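*Asks:* below are the sequence and a predicted model; questions follow.
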Amino acid sequence: MLVAAAVCPCPPLLVPEVAAGAAPELDAARAACTDAVGVLAAARPDLLVVVGPAEKSGRGPHPQGARGSFRGFGVDLDVRLGRGGDEATAAERELPSSLAVAAWLLGRTEWSAAPLEGLGVGEPLAAERCVEAGEGIAARGDRVALLVMGDASACRTLKAPGYLDDRAAGFDAEAARALGAADIGALKALDAELAYELKAAGRAPWQVLAGAAEGAALSGQLLYEDAPYGVGYLVATWS
């Protein structure tokens, strides 16, 4: 059963070494993410699953100890998804960037509360399959926690990666409301096609969360909501 969840954005810019001179601009987001991960630790789960968007090569499960890197962003920085794990299995493939950011966040808190693993989710995954995946995760233990990585729309301003789309603000506002209220039904109802058009990579991971939380009666809290660089970043906790 799901006992806690944290929702965080996943831009590599969260990592100060990647952001370089722009690092202070996301200090508030980093602080909120740290608080959210703290809620997971306080829940004393027996399993933590980190879920994030991934391209084809990064989709599927990633074991504890899997390695990620920010070298593709010009920074000589490597991370691991938790400590331990089987070295041979962990080295088979690199973490997608969303899970690498999660690994960095967990490393900041020196996570050692429970075994953990990652799951890369493809952006096109249908809502029904996301929900089924979440239900399967929640059934894996008596006390399961989720760290859910994903951004809202990337179309909030003219300089945003997806340019300005008038629909983006409304989509992000509804996502923020649903995450802050732990509104499972509203998350399930998010329009996958609209999310794709708005480049909202968090849609599929959020719907995995919705499936995992079914019947758990968790309460939500929105810790952070902003759109620096024209991309919606949301931080929330469910407990």
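*Replies:* In hand now; what should we look at?

*Asks:* low-confidence bits of the protein, can you list those?
*Replies:* Residue ranges of the chain with pLDDT under 70: 85-91, 110-113.

*Asks:* helices of that one, residue ranges please.
*Replies:* 16-19, 27-42, 87-90, 97-108, 127-138, 168-181, 184-188, 192-197, 203-213 (DSSP state H).

*Asks:* residue 228 is nearest to which of those?
*Replies:* Closest approach to residue 228 among the helices of the chain (CB to CB): helix 27-42, 7.8 Å. All C-beta atoms are positioned from the backbone trio N, CA, C, and that covers glycine.

*Asks:* tell me the angle the closest one makes with helix 97-108.
*Replies:* 70 degrees (axes from the mean of the first three to the mean of the last three CA atoms, to 10 degrees).

*Asks:* what about residue 16, neighbour count?
*Replies:* Neighbours of residue 16 under the rule other CB atoms under 10 Å: 16.

*Asks:* again, but for residue 77
*Replies:* A count of nearby residues for residue 77, using other CB under 10 Å, gives 17.

*Asks:* excluding its backbone neighbours, what's nearest it?
*Replies:* The shortest distance from residue 77 to any residue other than its chain neighbours is 4.5 Å, reached at residue 70 (CB to CB, 6 or more residues apart in numbering).

*Asks:* number of nearby residues for that neighbour?
*Replies:* 19.

*Asks:* now do the contacts for it.
*Replies:* Residue 70 makes contacts with 12, 15, 17, 18, 77, 78, 79, 100, as judged by CB atoms under 8 Å, 6 or more residues apart in numbering.

*Asks:* can you select the buried ones from these in ChimeraX?
*Replies:* One line in ChimeraX is enough to select the buried ones among those; burial here means 16 or more other CB atoms under 10 Å:
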select :12,15,18,77,79,100
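
*Asks:* got the phi/psi numbers for the residue nearest to residue 77?
*Replies:* The phi/psi pair for residue 70 (degrees, to the nearest 10) reads phi -110, psi 20.

*Asks:* how near is it to residue 138?
*Replies:* Using CB to CB, to the nearest Å, residue 70 is found at 31 Å from residue 138.

*Asks:* likewise for residue 183?
*Replies:* 17 Å.

*Asks:* who does the residue lying closest to residue 62 once chain neighbours are set aside form a beta bridge with?
*Replies:* Excluding its sequence neighbours, the residue lying closest to residue 62 (CB to CB, 6+ apart) is residue 118, at 3.5 Å. With DSSP bridges as the criterion, residue 118 is bridged to residue 50, residue 62.

*Asks:* so which residue is dead centre in the protein?
*Replies:* Centroid-nearest residue in the chain: residue 149, 0.6 Å away (criterion: CA atoms, centre = their mean).

*Asks:* save the contacts of residue 70 as CSV, and put in distance to residue 37 too.
*Replies:* Listed next are those as CSV, based on distance: CB to CB, whole Å:
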residue, distance to residue 37
12, 17
15, 15
17, 19
18, 19
77, 19
78, 20
79, 14
100, 15
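
*Asks:* what residues are up against residue 206?
*Replies:* So residue 206 contacts 7, 148, 150, 175, 178, 179, 187, 190 (CB under 8 Å, 6+ apart).

*Asks:* try it again with 6 Å
*Replies:* With contact taken as CB atoms under 6 Å, 6 or more residues apart in numbering, residue 206 is in contact with residue 187.

*Asks:* what does residue 137 give?
*Replies:* By CB under 6 Å, 6+ apart, residue 137 lies in contact with 49, 212.

*Asks:* what about it, distance to residue 210?
*Replies:* For residue 137, the distance to residue 210 (CB to CB) stands at 12 Å.

*Asks:* likewise for residue 122?
*Replies:* Residue 122 is 17 Å from residue 210, where distance means CB to CB.

*Asks:* can you check residue 148 too?
*Replies:* Per CB to CB, residue 148 is found 10 Å from residue 210.
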